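# Here is a sequence together with a model predicted from it:
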Number of protein chains: 2
Amino acid sequence: MLRSPLSSAERKAVLSLPGKELRTSAHRDIVRPGHCSKFSSLVVDGLAGRFDQLANGHRQITALHIVGDFCDLHSVAVPQTGWGIESLTETVVRLVPHEALLALSDSSMAIAMAFWRDTVVDASVLAKWNSALGRRSAKSRLAHLLCEMSLRFQQAGLGTDSDFHFPITQAQLADVLGITAVHLNRTMQALRQDGLLTTKGPHYHLPDRARLCRIAEFDDRYLLLTRGP
Amino acid sequence: MLRSPLSSAERKAVLSLPGKELRTSAHRDIVRPGHCSKFSSLVVDGLAGRFDQLANGHRQITALHIVGDFCDLHSVAVPQTGWGIESLTETVVRLVPHEALLALSDSSMAIAMAFWRDTVVDASVLAKWNSALGRRSAKSRLAHLLCEMSLRFQQAGLGTDSDFHFPITQAQLADVLGITAVHLNRTMQALRQDGLLTTKGPHYHLPDRARLCRIAEFDDRYLLLTRGP
DNA sequence: CGTGACCTTGATGTTAGTCAACGAATGTGG
DNA sequence: CCACATTCGTTGACTAACATCAAGGTCACG
């Protein structure tokens, strides 16, 4: 989860953070939009998404949180969130009280920096998605997302670079990519046609990841592979 | 700038940060894309933008930095940036060494939190733009940007809520909104037609800001008007 | 008086949205 | 075990938003 170098004592302190675990079915709000929260949620199982919704009902998912991710470490620094978090599939989250996180970052500058760094990586991903949504075609966006997710699942020890379990519906994927579900369906077919993607239910396979990265212009540095100072 | 409550001593420490000032003409890189930086830049005069560029030459501007903004406080936590910063007009920035910022946040937990909070607000704005780029029409995006910028200029003491000096070209504005310059031009004309915008050179005037906010579904909370914990 | 940066306009092409329907898989209660 | 509903994926016909291409207009500046 925290993409930072920490001493083993620090790492242990983070991993043993207290918190009530909460199991939810798919399509439930974990954090309601605009809510002022007293906890940060750690994804223990399943898949969660940060979203924003417009008056006409259109949704945009602005982040995907796989197991091991903190959804809203942000809310420690700014409790009033401008977004919501929902479960995309059946999901278990651990609700860690802000006091515990604040106490921990008070106790160690390295941990405080690690939390800050996590927010910065989140911002990097958001900036990358900004340019994708503004300037790329649907196909290129999907290719880029597949590259990103395969890497993240691999980093989290949940898959290889070309195979991962990604339990998301096409409608939700469309909300990530800023297109309609119909168009996403056709775009996935195009990638399949090109021999760049096969799926069996929630299992995604990338037969030629190198080529996929090339057409997606995927540069993994924004995911912080070069670790902290 | 830092949208946080600090003691006057802390505030003073931040404002008296050292750093060499640098004047650049328009369209110059302040931070080259992917560069590993040792400074964070504070905008002293002019207008700067964070951008990302694709192989085909298409650009996306992912943030606008007005005077008083720190461009890349991020780079203190993660020196290798995944983006570039450019001057959009003639601009003066102060290059504050990371050591000075680190020393300052070491010295005061409140300042460390303020820096973190600033990153969180940046992420909030990015998330908002994500949903705008993914799910809004060009007209709605432009309306939203105008609402946002008028508020930010006002907060910075550089304008009223309906009048501000915004020295940006239409091509640059198009790169913010993720549309072409041609389409931006027509979209601005549509807003003028609706009596929602007049411009005289770089001077923007919003004749009916309330209505503009309504059609933009502009909710200012993401800009952190509700201050820290 | 020419040049370059910026803004504006028109004609045409392409991507993606909308609407409507159907099929496959899964689960539920009678 | 079977009608039934629900959710999810897929397809086709049509439309709207925006991109692209090409040209001209305005203004400041040397």
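Good, I have the coordinates. This one's a predicted model, so the numbers in the text were calculated from it and none came from an experiment.
# Can you name the residues of chain A sitting close to DNA strand D?
A:26, A:169, A:170, A:171, A:181, A:182, A:185, A:186, A:188, A:189 (CB under 7 Å from any atom of the strand). No exception for glycine: its C-beta is placed from N, CA and C like everyone else's.
# Measure how buried the closest residue to residue A:202 other than its chain neighbours is and give me the count.
Once flanking residues are discounted, residue A:202 sits nearest to residue A:167: 4.2 Å by CB to CB, 6 or more residues apart in numbering or on different chains. Burial measure for residue A:167: 15 neighbouring residues, criterion other CB atoms under 10 Å in any protein chain shown.
# from what I can see residue A:102 touches residue A:73, true?
No - when contacts are counted by CB atoms under 8 Å, residue A:102 is not listed as touching residue A:73 (11.4 Å).
# who's more crowded, the two?
The neighbour count for residue A:102 versus residue A:73, taken as other CB under 10 Å, is higher for residue A:73 (24 against 17).
# residues contacting the more buried one?
Listed by CB atoms under 8 Å, 6 or more residues apart in numbering or on different chains, the contact partners of residue A:73 are A:40, A:101, A:115, A:118, A:119.
# buried residues in the helix or strand of chain A with the lowest mean pLDDT?
Using mean pLDDT, DSSP states H and E, helix A:8-15 stands out as the lowest-scoring helix or strand of chain A, at a mean of 74. Of the residues in helix A:8-15, those buried under the neighbour-count criterion (16 or more other CB atoms under 10 Å in any protein chain shown) are A:10, A:13, A:14.
# which one of those residues is nearest DNA strand D?
Distances from the buried residues of helix A:8-15 to DNA strand D were compared by CB to the nearest atom of the strand; the smallest belongs to residue A:14, at 33.2 Å.
# Can you tell me how far that closest one is from residue A:101?
Computed with CB to CB, to the nearest Å, the distance linking residue A:14 and residue A:101 is 9 Å.
# follow-up on the earlier one: restrict the buried residues of helix A:8-15 to those near DNA strand C?
Filtered for proximity to DNA strand C (CB under 7 Å from any atom of the strand), these leave an empty set.
# right, and residue A:58 touches residue B:140 too?
No - with contact defined as CB under 8 Å, residue A:58 does not count as touching residue B:140 (10.7 Å).
# what are the ranges of the strands in chain A?
Taking DSSP state E as the criterion, chain A contains strands spanning A:20-24, A:29-31, A:39-45, A:48-53, A:59-65, A:84-87, A:91-97, A:163-165, A:198-200, A:203-205.
# want to throw the ones you listed into TSV with distance to DNA strand C, mean neighbour count and mean pLDDT?
As requested, the strands of chain A are arranged in TSV below (distance: least, CB to the nearest atom of the strand, whole Å; neighbours: other CB atoms under 10 Å in any protein chain shown; pLDDT from 0 to 100):
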stretch	distance to DNA strand C	mean neighbour count	mean pLDDT
strand A:20-24	16	13	94
strand A:29-31	22	20	95
strand A:39-45	18	21	95
strand A:48-53	14	23	97
strand A:59-65	11	24	98
strand A:84-87	17	23	97
strand A:91-97	17	20	96
strand A:163-165	15	17	97
strand A:198-200	11	11	96
strand A:203-205	13	16	97
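# List the buried residues of the longest helix seen in chain A.
Among the segments of chain A that qualify as a helix by DSSP state H, the longest is helix A:109-135. For helix A:109-135, burial by neighbour count (16+ other CB under 10 Å) applies to A:111-135.
# and the angle from it to strand A:59-65?
In terms of direction (axes from the mean of the first three to the mean of the last three CA atoms, to 10 degrees), helix A:109-135 departs from strand A:59-65 by 140 degrees.
# quick one: average confidence on helix A:109-135?
With pLDDT averaged residue by residue, helix A:109-135 scores 94.
# give the contact list for the closest residue to residue A:44 other than its chain neighbours.
Closest residue in space to residue A:44, ignoring its immediate chain neighbours: residue A:92 at 4.3 Å, by CB to CB, 6+ apart. By CB under 8 Å, 6+ apart, the contact set of residue A:92 is A:21, A:22, A:23, A:24, A:43, A:44, A:45, A:46.
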